[in-house]
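# Pasting a predicted model and its sequence here:
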Amino acid sequence: MTSSASRAAMAFAAASALLLAGCGGGGGGTSNAPAPDRNAQVNQANASSVGAQAYWALDLLNNQINLSVLNVAAAADADYSAQLCTLGGSSKRTVDTGTNTVTLTDVKCDNGAWVSNGTQTIKLSDLTGDPFHDTAWEGTLTITFDYRTSLDPTFNTWTSSQTGDLTVHYKQTAPNVGTFQATNTQLQTSFEVAAGGASVVRNISHLAYSGEINSSGLNTFNADFTLQGKFGALGTTSYDIKKTSTAFQRQISSEHVAGKPTQGVMIIKAPDNASLTFTAMDTTSAQLAVDWNNDSVIDSSTSVTWDNLSSLANPIKMLTN
């Protein structure tokens with residue numbers, strides 16, 4: 001397998017793994033103010049959980065957009081079954097150059113940790129250059145998702161799914177170097193305990209995303225979107241996420257492994273107008289500042305590690321804690 005095909009296989013595996021993202025370990029946090037009114041939908045007590053959900057969604061969007069472009073960049077048709085489906089099933093990528101369509105398909109792909117079924121389809125249009133052969137090209141990717149993944153292949157007790165769409169305008173100036181603009185109708189992920197059991201549902205809509213990856217692997221990204229659904233202890237609610245002038249930045253390795261953000265600020269607003277300012281401080285932690293009564297004054301702030309945020313976004317822990 002060539003290095004580009006290997007990276008595409010990694011991308012396909014990561015696309016399935018993203019459904020189960022947020023499985024990191026625990027971490028610490030510190031607070032510098034007494035607890036505010038707990039009736040507010042964003043407050044000191046739940047700030048870390050709210051921040052975890054918002055960053056989980058932003059990270060999912062950024063990864064899916066980057067991985068979709070990477071899958072287009074691997075020009076040859078490929079069968080990744082031997083690499084990804086070690087216990088059976090198939091995982092294949094096909095390219096129809098007549099319709100400029102890339103299709104990724106999992107059929108009972110079992111790697112021992114999960115069994116994946118579903119498709120991701122990438123339709124290319126408005127092309128300048130050849131995305132399958134040229135190092136520089138530009139075009140629009142219309143991406144549809146329909147995945148269902150069982151986390152426990154033996155008993156089928158945990159099931160995740162991802163459905164929906166993304167529309168990405170991408171301009172590549174060199175291999176793995178380019179700029180992105182993205183919108184969507186909706187992108188929904190759900191995580192369910194057995195059939196008809198308790199679930200975590202996260203629906204991303206009203207997306208306005210921009211991002212880029214430079215020649216040094218520095219990934220810069222920012223987005224406005226609405227996140228709504230069922231969030232465990234946070235209940236059924238919605239949040240409006242607004243970008244700021246300070247975009248998020250993180251480093252991506254030559255093997256497409258993303259590091260933690262070193263900067264970035266977003267505003268998370270609840271239906272009652274309570275808000276959270278989420279600031280990436282470094283690769284270890286983020287700062288969460290709460291304005292629970294909408295008076296533009298910070299009522300409390302909390303430092304939380306990325307590991308802790310990842311743990312709080314883990315749907316298994318959200319349903320069992």
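Structure's in. What do you need? Numbers count the residues shown, from 1 in each chain.
# Show me what the helix or strand hosting L288 is in contact with.
Using DSSP states H and E, L288 sits within strand 285-291. Strand 285-291 is contacted from outside by 27, 36, 42-44, 47-48, 50-51, 55, 261, 274-281, 297-306, 309, using C-beta atoms under 8 Å, 6 or more residues apart in numbering. Just so you know, the C-beta spots here come from the backbone N, C-alpha and C atoms, and that holds for glycine as well.
# among those residues, which ones are buried?
27, 36, 42-44, 47-48, 50-51, 55, 261, 274-280, 299-306, 309 (16 or more other C-beta atoms under 10 Å).
# Among those, which lie within strands?
S275, L276, T277, F278, T279, A280, S300, S301, T302, S303, V304, T305 (DSSP state E).
# Could I get the pLDDT score of the closest residue to the third one other than its chain neighbours?
It stands for T277. Leaving aside its chain neighbours, T277 sits nearest to A289 (4.3 Å; criterion: C-beta to C-beta, 6 or more residues apart in numbering). The predicted structure scores A289 at 97 on the pLDDT scale.
# Repeat that for K317.
Value for K317, per-residue pLDDT: 81.
# which SS class is it?
helix (DSSP: H, G, I helix; E, B strand; the rest coil).
# export the ones in strands among the buried ones among the contacts of strand 285-291 to TSV and tack on pLDDT and distance to R250?
Shown next, in TSV, are these (pLDDT from 0 to 100; distance: C-beta to C-beta, whole Å):
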residue	pLDDT	distance to R250
S275	97	24
L276	98	20
T277	98	19
F278	98	15
T279	98	14
A280	98	9
S300	93	27
S301	95	23
T302	93	21
S303	96	19
V304	97	17
T305	97	15
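# with those residues in mind, which one is nearest to G217?
A280 (17.4 Å; C-beta to C-beta).
# Correct me if wrong: that closest one contacts G264.
Yes. Between A280 and G264 there is a contact under C-beta atoms under 8 Å: 4.2 Å.
# Centre of the chain to the strand holding L288, how far?
20 Å (C-alpha atoms, centre = their mean, to the nearest Å).
# what does stretch 190-205 give?
Its chain's C-alpha centre and that of stretch 190-205 lie 16 Å apart, by C-alpha atoms, centre = their mean.
# before we move on, what about stretch 182-193?
10 Å.
# what do you get for stretch 164-182?
Mean-position distance between stretch 164-182 and its chain equals 15 Å (C-alpha atoms, centre = their mean).
# What count of nearby residues applies to the residue nearest to T97 when sequence neighbours are not counted?
Once flanking residues are discounted, T97 sits nearest to F132: 6.5 Å by C-beta to C-beta, 6+ apart. Look at F132: counted by other C-beta atoms under 10 Å, it has 16 neighbours.
# Next: D282.
Neighbours of D282 (other C-beta under 10 Å): 11.
# likewise S216?
8.
# Surely it forms part of a helix?
No. S216 is assigned coil when assessed by three-state DSSP, not a helix.
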